[in-house]
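**Q** any chance you can model this:
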Amino acid sequence: MDLMTLLPSYYAENTTMGELQNILSTDINILAANFDETIDQCFIETATALLSRYESIYGLEVDVSKSNTFRRERIKAKIRGIGTVTKQMIVDVAKAYSNGEVEVIEDNSNYRFTVKFVGTLGIPCNMADLTLTIEEIKPAHLSFDFEYIYRTHQVLSVYTHEQLSAYTHSQLREGVIT
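**A** Residues are numbered from 1 along each chain as shown. Have a look, this model is predicted:
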């Protein structure tokens, strides 16, 4: 902010006033930037320096070696996981990590459930952290596993061998085929 622009025009040639307003403008700009940074720290979505505080509040292990994006997602997943654990809560947590649709298949008689990734092909990134988060929120007596979706031979049978030879096995199972 340039405070000289707020003063009457007859101050434009006054060097003393110009210097004073320049000093005050600098201080105001620093104050405004610090204020904006303080406000950013109040929200998980924009926090950086205070992420470790949020992790501590929610009982998460502080790991500054992880990216801020990952740490924010983990905090938000933990917030979603507070209270009584429901099937929907586990779906929401898994969606937050996989960025795709998820189903939870309950097997109550065997005290277990399966998290099935139906919105993404293959194994989503960050499965170790998702596993850790589910372990933190699920009841201790339940076990769980994951189920992934891959392209099958039947799905690929519409292509010729020549068309498919341009792709690796991994790309055929879970990558983009054009």
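
**Q** roughly how far is stretch 51-71 from the heart of the chain?
**A** Remark: stretch 51-71 is offset 12 Å from the chain centroid, using C-alpha atoms, centre = their mean, to the nearest Å.

**Q** can you give me the buried ones in it?
**A** If you call a residue buried by 16 or more other C-beta atoms under 10 Å, then stretch 51-71 has these buried ones: L51, Y54, E55, Y58, L60, R71. For the C-beta atoms, the positions are set from N, CA and C on the backbone; glycine is no exception.

**Q** TSV please, covering those residues and showing distance to I44, pLDDT and secondary structure.
**A** Output for these, formatted as TSV (distance: C-beta to C-beta, whole Å; pLDDT from 0 to 100; DSSP: H, G, I helix; E, B strand; the rest coil):
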residue	distance to I44	pLDDT	secondary structure
L51	8	93	helix
Y54	6	92	helix
E55	10	90	helix
Y58	10	83	coil
L60	12	83	coil
R71	9	86	helix
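
**Q** nearest to Y159 among the residues you listed?
**A** Distances from Y159 to those, taken as C-beta to C-beta, are shortest for R71 (41.2 Å).

**Q** alright, that wraps it up for me.
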